[in-house]
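Engineer: Have a look; sequence and predicted model below, questions after that.
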Amino acid sequence: MAAPQLHAYEDCEELEASLKRSIEEESRVSLLQSVADQYPYFGSPLIGVPEMAAEDGAVADTNSVAQPRTPVREEGVDFSGTNNQERGVDEADFLKTDGYHVYYLQGQQLHILAIPEFGQIELASSTMLSGTPVAMMLDGDQLVVVSILSPWAVEPDHPLVDAMGWGDDGWSWRTSSLTKFTVVDVSNRSEPEVQRELFIEGAYITAREVNGTVRTVTHASMNIPDVKTWLDLPAGYWNLNYDDPLRLEIREKVAFQTMMENTESIDALELSDLIPQVYEYSDGEVSVHTMNDNDCAEFVAPESSLNRGISSIFTLGLTASALEYDVDHIVGNHPLVYASSDLLVLAETAFDAWWFWNNDGVDEMTNLHTFDISAPDATLYTGSGRVDGTVLNQFALSEHEGVLRVATTTGQWMRWWMDDAEPMSSQLVTLVPSTDAETGHQVLVEAGRVDGLAPGERIWSVRYDADRAYIVTFEQIDPLWVIDVSNASNPTVLGELKVPGVSTYIHPLSRDHLLTIGLGPANADGTGLDWSATQLSLFDIEDPTDPTQSATLRLSPVESEQRDAWSWSWSEASYESKAFQYWAPKSMLAVPLSTYRYVETSENGYVRWSYEYVSKLMLVEIDVANESLNEYGDVDHSSFYNDADASGWWDDRNIRRSIFMGDFIYAVSAAGVSVTNLSTLEESDRVVLPSGERHAEAERERVDTEDGDDREVDREDERSEGEDRSDAEGSQSEEDDNREPERSDDEERSGDERSGEDQPNDSRTR
């Protein structure tokens, strides 16, 4: 297996030769797998197989909304922000706020909503963006929106078509996916201005922002035409009996001929065919950046690697007057990304996935590549290391005072074709930078480790807090491990606790308490998992050698006696940390919870089946002093989706994010944003988003068609006008309270990524 250290290519010719060698080996192995197995489970889908680019334009509401600046609203004190993993490292998400505005990517639109006073909300503008916007980063008046695109969605007359197509047939593209950066000037929130667009060949992975510098990671495997990874067998082959030896002979001959043809096709390729490009779109024209300048010095790869995938780290400065970026390329597998304020880590499988199948000799290991990001606008490679096993997610990685800690599970790939596959086992490893005596290169070397954590179980969640690590494993019951990592050379298990259920996300409340979300037990004896139930747990770790579970709370969006009448409930917060919003100043947690059921209705003698949805944001009091978890209330968006006119229109009916602001909580779903007073649990304001009015237009068209005239019926507008009047009155009544948002001595920012009643001021407790 290749060493993990990254080495720069001597020149572009060496890079081209290496990528061609990888493509040829990948296709060869895939073909040989097809020879050995008449029905292989997979080949490589990235070679010889074709796979949302942009229509330009921003449509903005011109209604001007004032932006008060006194008193200054401070994140973590007056309002909650993104639930980030590390302090000082902002993670890209589809919802952002600066305390005065909420920025929300929904569908193809960027909605900017003003917060004149806490408890109020107004739609300032809605801007159409091409592709599928998925995340953004905000710094002052600059917004970078990340969108994912497919070449198949490119408008035929867009200049991007000619720039990135393989030929004139319109059926083959250089890449199966694009990542687009849209730089938006939001200094005028009522009329945001799209300044520039960058289209990057490759799939978006994630982005981080530290001190005004955004680093976005993408991964690309270029589509290579005329290179086959499958056997194009003759028609007569399928008429032969399954065990006819002639079948194997035919497969061998076809594979050999295909390899010869592939070699000719690969030899004809140029470097620009093998590496991703950047397309800059401005003023109706596309500029192509081939990224092979500087003699390909920005490309690095592990020694003797046989991989052609390319991960790219784009470094953009948001504070610069002009759009500038640097890019670093790592030839390797699709990575998992972690970042502290000083270090960015790419974790990738050490083996090449395309030949892992049915390969008994492959060791399950992970390469770790580290980059110094402490300086603005610079990303510098600092070294690589390797650990046993597979990394679960970003929370399994942590950098603290120069030590990289990583938790992994070995054996979770479950290679069932092996007679004696290794059992699962988990471990925690610490790594420190060192200098290789032979090469002089910086490397990561193992300083210490804890082995044998819960044999036969895999890791479900990990969290680090300074010099401690918390790991949850599971097979039939959930052990919580508390590990001391203060001494990098001697990490030590301090305590272990076995409790029913499993935690999928761990949130440190303090040095002495953990709050987790996950699944409750399925059986009376505490074993198994009840996938229909979301469970919160409070752990007391004041004595790390004897951790205890102080409280549990099973959450349900419907009354307990009604659960059997509904489908399983689910919460995005159980697998996406950004949907988990803990607000320390009020010791309150907000998590979304949804369910649905089939409903039979009868009208005019016709029976109709439809869905009824429950979409709520559950509010829970976290009482650490009394070691209890208590349901406080909920915010209900169900009526957004159960309106007769709206039924069937919604792709996503879940409340997906929430923001605490003063004495209010803002709940965000696809249909709109509601504001609820935390003291009274009454709704003080709401905005129905433009996309939420689609059903009203459809209703008008339906009535016009049935009545045969041009009469407009706009029930939604009538309802919205009534709401606007009522909302204004409700907001005015709360005005004095809203002007002075509650502050707290506890300024701890919450640690760490779907989607109302028709009249406001209804109680949200059911």
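Structural biologist: Great, that's in hand.
Engineer: For the rest of this, base every contact and every neighbour count on C-alpha atoms.
Structural biologist: Will do.
Engineer: Model confidence for Thr676, exactly?
Structural biologist: Note on Thr676: pLDDT of 98.
Engineer: do the same with Asp352
Structural biologist: We note a pLDDT of 64 for Asp352 in this prediction.
Engineer: Likewise for Glu155?
Structural biologist: So, for Glu155, pLDDT stands at 80.
Engineer: what's the neighbour count on it?
Structural biologist: 14 (other Cα atoms under 10 Å).
Engineer: Doesn't it belong to a helix?
Structural biologist: No - read with DSSP: H, G, I helix; E, B strand; the rest coil, Glu155 is coil and lies in no helix.
Engineer: gap between it and Ser130?
Structural biologist: To Ser130, Glu155 is 10 Å away according to Cα to Cα, to the nearest Å.
Engineer: quick one: the top helix by length along the chain to chain centroid distance?
Structural biologist: Using DSSP state H to define each element, the chain has its longest helix at helix 12-36. The chain centroid and the centroid of helix 12-36 are separated by 31 Å, computed with Cα atoms, centre = their mean, to the nearest Å.
Engineer: got the contact list for that helix?
Structural biologist: Helix 12-36 is contacted by residues 9, 40, 43-44, 47, 227-231, 248, 251-252, 255, 259, 262-263, 266-267, 270-271, 274, 292, 295-296, 299, 306-308, 354-355 when judged by Cα atoms under 8 Å, 6 or more residues apart in numbering.
Engineer: in that helix, what's buried?
Structural biologist: Neighbour-count burial for helix 12-36, with 16 or more other Cα atoms under 10 Å as criterion, is recorded at 12, 15-16, 18-35.
Engineer: Skip ahead from that helix and say which helix or strand is next.
Structural biologist: strand 90-91 (DSSP states H and E).
Engineer: Can you list the strands that that next one pairs with?
Structural biologist: strand 203-210 (antiparallel) (DSSP bridges).
Engineer: and the partner strand, C-alpha only, in CSV?
Structural biologist: Output of strand 203-210 as CSV, limited to C-alpha atoms (Å, rounded to 0.1, in the frame of the first residue of the first chain):
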residue,chain,number,x,y,z
ALA,A,203,-18.6,17.6,-6.4
TYR,A,204,-19.0,19.9,-3.4
ILE,A,205,-18.0,18.4,0.0
THR,A,206,-18.0,21.2,2.6
ALA,A,207,-16.7,24.7,3.4
ARG,A,208,-15.2,26.4,6.4
GLU,A,209,-14.6,30.1,7.1
VAL,A,210,-11.9,31.4,9.5
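Engineer: can you list the domain ranges for this protein.
Structural biologist: In the assignment given by automatic domain parsing, the structural domains of the chain cover 90-218, 575-739.
Engineer: if we compare those, which one ends up closest to Ser425?
Structural biologist: Among these, domain 575-739 comes nearest to Ser425, with 22.3 Å by Cα to Cα.
Engineer: on that earlier part again, closest to Pro479 out of the domains of the chain?
Structural biologist: Per Cα to Cα, nearest to Pro479 of the domains of the chain: domain 575-739, 18.8 Å.
Engineer: got a list of what the nearest residue to Glu75 once chain neighbours are set aside touches?
Structural biologist: In space, and not counting its chain neighbours, Glu75 is closest to Gly81: 6.3 Å by Cα to Cα, 6 or more residues apart in numbering. Gly81 makes contact with Glu75, Lys96, Thr97, Ile659, according to Cα under 8 Å, 6+ apart.
Engineer: what about burial for these, which qualify?
Structural biologist: Judged by 16+ other Cα under 10 Å, buried ones among those: Glu75, Lys96, Thr97, Ile659.
Engineer: Do me a favour and average the pLDDT over the host helix or strand of the last one.
Structural biologist: The one in question is Ile659. Assigned by DSSP H and E, Ile659 belongs to strand 655-661. Averaging pLDDT along strand 655-661 yields 98.
Engineer: So which bits of the longest strand seen in the chain are buried?
Structural biologist: The single longest strand within the chain, with elements called by DSSP state E, is strand 606-623. By 16+ other Cα under 10 Å, the buried positions in strand 606-623 come out as Glu612, Tyr613, Val614, Ser615, Lys616, Leu617, Met618, Leu619, Val620, Glu621, Ile622.
Engineer: how about the CA coordinates for that strand, as CSV?
Structural biologist: Provided in CSV are the C-alpha atoms of strand 606-623 (Å, rounded to 0.1, in the frame of the first residue of the first chain):
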residue,chain,number,x,y,z
TYR,A,606,-65.7,10.0,-3.7
VAL,A,607,-63.2,8.5,-1.4
ARG,A,608,-59.8,10.2,-1.4
TRP,A,609,-56.6,9.2,0.4
SER,A,610,-54.0,11.8,1.2
TYR,A,611,-51.3,12.5,3.7
GLU,A,612,-51.5,14.4,6.9
TYR,A,613,-48.2,15.9,8.2
VAL,A,614,-46.9,16.9,11.5
SER,A,615,-44.0,19.3,11.4
LYS,A,616,-42.8,20.6,14.7
LEU,A,617,-39.9,22.2,16.5
MET,A,618,-39.6,20.7,19.9
LEU,A,619,-38.5,22.9,22.8
VAL,A,620,-36.8,21.2,25.8
GLU,A,621,-35.6,22.7,29.1
ILE,A,622,-32.2,21.4,30.1
ASP,A,623,-32.2,21.5,33.9
